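Colleague: no sequence on this one, just coordinates:
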C-alpha cells in the first residue's frame, strides 16, 4: 500500500483543485503562452479581451494580470508566433502560421490546459481573500493526515479510519456552507 502514496502526489489533484500540481499557480511555465495562442486561433483579440476570456474559461478562478499577459504577448510576437496591429486605439493580436504550427506540436498540452480550466469553475466561488483565515488550519489538517497515513500505511483499517475522519469533516463543513443565517 505504501507505494500508492510514496512519490506520487498527483493522486489528489482532481479533488484538491486545478492548482495542486503547481502549488498555487494556475499555469505551469510556458502554459500561458499556449493558452493565449489557442485563444488567438479563434480570431484576433486585444490584450484586455484575452484577459477576460481567460477568466471566463476558468470559471473566474484565474484572473490574468496585464503584467503576465502583455509580456507573454510580446514574447510571442518576438518569436514570430503572433503579430499585432493598432486598431481603434487598441493593439490587436493575431496568430501566425508559425503560431498555428506551435499549437499543433503542443496539442496535448493545450487540451490539458483547457480541461484544467473547465474544472477550475468548481473552485472559483471559494477562492476569495477570505479563505486566508482557514489556510493554517487546513495546512495543519493535511500535515496531520499525511503523517497518520505514513505512520501505518500498510494497515487498511487505519487508512479507512483516516478516510472516515476526513469525509465526516467535509460533510460537516458542507452542511455549514448550506446553512444561511438571516
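Modeller: Looks like it arrived, so ask away. All figures in this text were calculated on a predicted structure; none of them were measured in a lab. Numbering: from 1, shown residues only.
Colleague: so where's the chain uncertain?
Modeller: 1-25, 120-129, 180-182 (pLDDT under 70).
Colleague: In it, mark out all the helices, start to finish.
Modeller: With helices called from DSSP state H, the chain shows them at 2-5, 13-16, 31-41, 47-57, 66-78, 97-105, 107-124, 132-151, 156-178.
Colleague: To residue 84, which of the ones you listed lies closest?
Modeller: Distances from residue 84 to each of the helices of the chain were compared using CB to CB; the shortest belongs to helix 66-78, at 5.9 Å. The C-beta positions use only the backbone N, C-alpha and C, and glycine is treated the same way.
Colleague: Quick one: list the elements packing against the closest one.
Modeller: Using 3 or more CB pairs under 8 Å, 6 or more residues apart in numbering; DSSP states H and E as the contact criterion, the elements in contact with helix 66-78 are helix 31-41, helix 47-57, strand 82-87, strand 90-95.
Colleague: what do you get if the cut-off is 7 Å, keeping everything else the same?
Modeller: Using 3 or more CB pairs under 7 Å, 6 or more residues apart in numbering; DSSP states H and E as the contact definition, the elements that helix 66-78 packs against are helix 31-41, helix 47-57, strand 82-87.
Colleague: tell me the contacts of residue 171?
Modeller: Residue 171 sits next to no residue when contact means CB atoms under 7 Å, 6 or more residues apart in numbering.
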